[in-house]
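Peer 1: Following is a predicted model, sequence given first.
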Amino acid sequence: MNNPVEALPVLSDQLKIRSLEVKGAEGPLAARLYTSGDAGAKRDMLLVFFHAGGFVGGDLEDADMFLRHLADDSQHVAVLASAYTLATEKPFPAAVEDAHAVLVWAKKNKAKLGWSGKQLLVAGIEAGANLAAVCALMSRDRGGPALAGQVLVMPMLDPGLTTCSMREMQCAELLEVADKCAQAYRGYLPNAADRTHPYASPLQSSRLKNLPPALILSTEDDPLRDEAEQYGAKLISCGVKTTVRRMQPAPLQDEGARNECACRCQALGEIASFIAGLERSETPPAA
């Protein structure tokens, strides 16, 4: 990394990872449950996570190390990572319908997850953060499940690729990253009319009130930086309690680099603080 990064602590021997299947919109999906601490304890908080990959790639393995540390750092939180339908199989809205269906499944299967049902969070990196943001919209629009919070790490939110950071990076050394974003959206949103749909482009939504508290993490030299921060500003203007943090520069050209950045920059600490704040709040139980 070209900046000071956090040294990752040694994972505890209490960390447990279990493979399971969850129910997507049209069938079973692979998933992993990460827990740490007392194996028999029910967690009051479940964080459902969606992986990166530009909607066209990625899998549960990509963010495995990040999620191991996230679960180990927050031993009172169960972390459920779920796959979703990639655009190479079916384009929009298959992935977002899967993501919301996983939340519904989790609410109905609390015992299987060792979760009390009290607080439900949604999170993701890059394309997965888009799905997390959209899940917040869908849960509000469809009457549940109620969410206590959303964690968006370097999110893809603007299919139009119109932000200043995206245009600047197209003229700089991160041109390849910007090109990959454009290619990803072509695969995910082959119908141009879908590019302004709020479930595809949350940044374009004019209905952002009554959403759960948000933590949005951007990175200094990421083409996705401005759309993340603009979304945070829009949420704040709509009365949504939102924390926006810009992390230090990190090389993002390599495959999986955002997972590495989230793991080794200050993302884990920011997420831990956000979760602690939610625990202190009087958020109503998930419906």
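Peer 2: Now that the structure is in, tell me what you want to look at.
Peer 1: where does the most centrally placed residue in the chain fall, helix, sheet strand or coil?
Peer 2: By Cα atoms, centre = their mean, the chain has its centre lying nearest to residue 124, at 1.4 Å. Counting by DSSP: H, G, I helix; E, B strand; the rest coil, the backbone at residue 124 sits in strand.
Peer 1: From residue 156, how far off is it?
Peer 2: Residue 124 is 10 Å from residue 156, where distance means Cβ to Cβ, to the nearest Å. C-betas here are computed from N, CA, C, even on glycine.
Peer 1: shared neighbours, the two?
Peer 2: Taking Cβ atoms under 8 Å, 6 or more residues apart in numbering as the contact definition, residue 124 and residue 156 share the neighbouring residues residue 130.
Peer 1: mind listing what residue 32 touches?
Peer 2: Residue 32 touches 17-20, 60, 64, 67, 80-81, counting by Cβ under 8 Å, 6+ apart.
Peer 1: Can you show me the CA trace of whichever strand or helix holds it as CSV?
Peer 2: Assessed by DSSP states H and E, residue 32 sits inside strand 28-35. Listed next in CSV are the C-alpha coordinates belonging to strand 28-35 (Å, rounded to 0.1, in the frame of the first residue of the first chain):
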residue,chain,number,x,y,z
PRO,A,28,-31.0,-21.4,-3.3
LEU,A,29,-27.9,-19.3,-3.0
ALA,A,30,-24.5,-20.2,-1.4
ALA,A,31,-23.8,-18.4,1.8
ARG,A,32,-21.4,-18.3,4.7
LEU,A,33,-22.1,-17.5,8.4
TYR,A,34,-19.3,-15.9,10.4
THR,A,35,-19.4,-15.8,14.2
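Peer 1: so who does residue 245 touch?
Peer 2: With the criterion set at Cβ under 8 Å, 6+ apart, residue 245 makes contact with 215-218, 266, 270.
Peer 1: could you redo the last one with a cut-off of 6 Å?
Peer 2: When contacts are counted by Cβ atoms under 6 Å, 6 or more residues apart in numbering, residue 245 touches 217, 270.
Peer 1: how close does it sit to residue 224?
Peer 2: Between residue 245 and residue 224 the computed distance is 14 Å (Cβ to Cβ).
Peer 1: Help me confirm that residue 17 is found in a strand?
Peer 2: Yes - applying three-state DSSP, one finds residue 17 inside a strand.
Peer 1: residues of the strand holding residue 32 that come out buried?
Peer 2: By neighbour count on 16 or more other Cβ atoms under 10 Å, the buried set for strand 28-35 is 29, 31-35.
Peer 1: again with stretch 71-86
Peer 2: By 16+ other Cβ under 10 Å, the buried positions in stretch 71-86 come out as 71-86.
Peer 1: Equivalent analysis for stretch 90-98, please.
Peer 2: The neighbour-count criterion (16+ other Cβ under 10 Å) identifies 91-98 as the buried residues of stretch 90-98.
Peer 1: cool, stretch 195-212 as well?
Peer 2: Counting neighbours by 16+ other Cβ under 10 Å, one finds that the buried residues in stretch 195-212 are 195, 197-203, 205, 208, 211-212.
Peer 1: Show me what the mean pLDDT comes to for that stretch.
Peer 2: Per-residue pLDDT over stretch 195-212 has a mean of 95.
Peer 1: ok, back up a step: now render the buried residues of strand 28-35 as CSV, adding distance to residue 13 and pLDDT.
Peer 2: Shown next, in CSV, are the buried residues of strand 28-35 (distance: Cβ to Cβ, whole Å; pLDDT from 0 to 100):
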residue, distance to residue 13, pLDDT
29, 29, 98
31, 23, 98
32, 18, 98
33, 17, 98
34, 14, 97
35, 13, 96
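Peer 1: any idea which of those residues is closest to residue 160?
Peer 2: Sorting the buried residues of strand 28-35 by how near they are to residue 160, with Cβ to Cβ, puts residue 29 at the top with 29.2 Å.
Peer 1: Give the phi and psi angles for the closest residue to that closest one other than its chain neighbours, as a check.
Peer 2: In space, not counting the residues next to it along the chain, residue 29 is nearest to residue 83; the distance is 4.7 Å by Cβ to Cβ, 6 or more residues apart in numbering. With angles defined as degrees, to the nearest 10, residue 83 sits at phi -70, psi 170.
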